[in-house]
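Undergrad: Just need the structure, nothing else, for what follows:
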Amino acid sequence: MNTGVVLSTLFQQIINGLSLGSVYALIAVGYSLVYSILLFSNFAHGGFLVVGGYVCYFLLTQQGFGIFVSALGALAVSGLVAVLTERLAYKPIRERTPVTLYLLIASMGVSIVIENIFVIVVGGRFRALPQDTFPTAIFDLGGGVTASAFDILSLIVAVVFLVGLQIFLSRTRWGLAIRAAACDLRTAGLMGVNVTLLIGIVFFVAGLLAGVGGIFLSVRYTLYPQLGNITTKAFIAAVIGGLGSLPGAVLGSLLLGLAEMLTAGFISSQMRDIVVFSLLVIMLLVRPAGFFGKQISDKI
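TA: Here you go, the predicted structure:
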């Protein structure tokens, strides 16, 4: 392989990796948001992603709405399902015990329930969003490097949502309350913060972001009930960046996306998962708290 081909492949895989990593970032940030408040990893997050994908598909194909209305509906339903999950499954546990392990176990059960509901209701076959839903143009960047309009769109949308989240956390009253609760939820409640409403907002935002990721992943990999399993990689990205740290979740996701694409481009696509989980093991051995691992009082 000559130098020109190597550089062309490198730049191509970097573009692909940033696009994939940006979608991972939307999902990983949801993991970190919930962890920063309740100190447990919500493994039902993948279910919210599947909800977003299927609602968007249903509104597009069965109701005839455009992608903009369908996406808004999917995000709203994903957020509401996340809030409903917290109210029905997690809140009763929180009120009975402070042990977060029980929340973790419950989240695994919720994930399986959501997945099997879709298997029963819509079936297990693969579905594809209509081909004209997203732009399919390919841009030639020179030197054999190309960028698809879909990859560019996914990167832009991810940046917009992540910047919007940062503005919400830093400039709004409820954003300030979330940051305070990340320091100490009990103290925030004693200072007058409506903890129940705050947790509901956090889950709604996390579910909404998962819905965005679900739409883009449905286009990239097609839609099926087990699509939520891909959030395992987003969780790994959050761990690598530092659970509870939003910048860490973004950095970890981009690094993971790049690692996957570079592995596929230079070694083998079959090695992608091996590299991803190897990175997780190495990070846990070398720096268990992740790149941006902080004390609980400094999470956000």
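
Undergrad: Point out the other helices and strands that the helix or strand bottoming out on mean pLDDT in the chain packs with.
TA: Lowest mean confidence among the helices and strands of the chain (mean pLDDT, DSSP states H and E): strand 138-142, at a mean of 84. Contacts defined by 3 or more C-beta pairs under 8 Å, 6 or more residues apart in numbering; DSSP states H and E place strand 138-142 against strand 145-148, helix 149-171. Quick note: C-beta positions are derived from backbone N, CA and C, even for glycine.

Undergrad: The ones you listed: lowest mean pLDDT?
TA: Ranked by mean pLDDT, these end with strand 145-148 at the bottom, a mean of 86.

Undergrad: Pull out the buried positions in the helix of greatest length in the chain.
TA: Scanning the chain for the longest helix, with DSSP state H as the assignment, gives helix 3-38. Judged by neighbour count (16 or more other C-beta atoms under 10 Å), helix 3-38 contains these buried residues: 8-9, 11-38.

Undergrad: do the same with stretch 65-77
TA: 65, 67, 70-71, 73-77.

Undergrad: These into CSV, with extra columns for secondary structure and distance to G124?
TA: As requested, these are arranged in CSV below (DSSP: H, G, I helix; E, B strand; the rest coil; distance: C-beta to C-beta, whole Å):
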residue, secondary structure, distance to G124
F65, coil, 25
I67, helix, 25
S70, helix, 22
A71, helix, 24
G73, helix, 24
A74, helix, 20
L75, helix, 25
A76, helix, 26
V77, helix, 21
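
Undergrad: Of the residues you listed, just say which sits nearest to I240.
TA: Ranked by distance to I240 (C-beta to C-beta), the buried residues of stretch 65-77 are led by L75 at 26.4 Å.

Undergrad: okay, which residue is most central for this structure?
TA: I27 (0.6 Å; C-alpha atoms, centre = their mean).

Undergrad: How about that one, nearest residue that isn't a chain neighbour?
TA: Leaving aside its sequence neighbours, I27 sits nearest to A234 (C-beta to C-beta, 6 or more residues apart in numbering; 3.6 Å).

Undergrad: Distance check, that neighbour against S253.
TA: Distance from A234 to S253, counting by C-beta to C-beta, to the nearest Å: 7 Å.

Undergrad: Could you tell me which residues touch both of the two?
TA: 24-25, 27-28 (C-beta atoms under 8 Å, 6 or more residues apart in numbering).

Undergrad: Which member of those is positioned nearest L88?
TA: I27 (22.1 Å).

Undergrad: quick one: contacts for the closest one?
TA: For I27, the contact set (C-beta under 8 Å, 6+ apart) comprises 45, 49, 209-210, 213, 231, 234, 253.

Undergrad: Kindly indicate which of those lies nearest L153.
TA: Using C-beta to C-beta, the contacts of I27 come closest to L153 at G213, 13.6 Å.

Undergrad: so the closest one touches V50, yeah?
TA: No: applying C-beta atoms under 8 Å, one finds G213 not in contact with V50, separated by 10.4 Å.

Undergrad: the more surrounded of those two?
TA: Per other C-beta atoms under 10 Å, whichever of G213 and V50 has more neighbours is G213, with 33 against 30.
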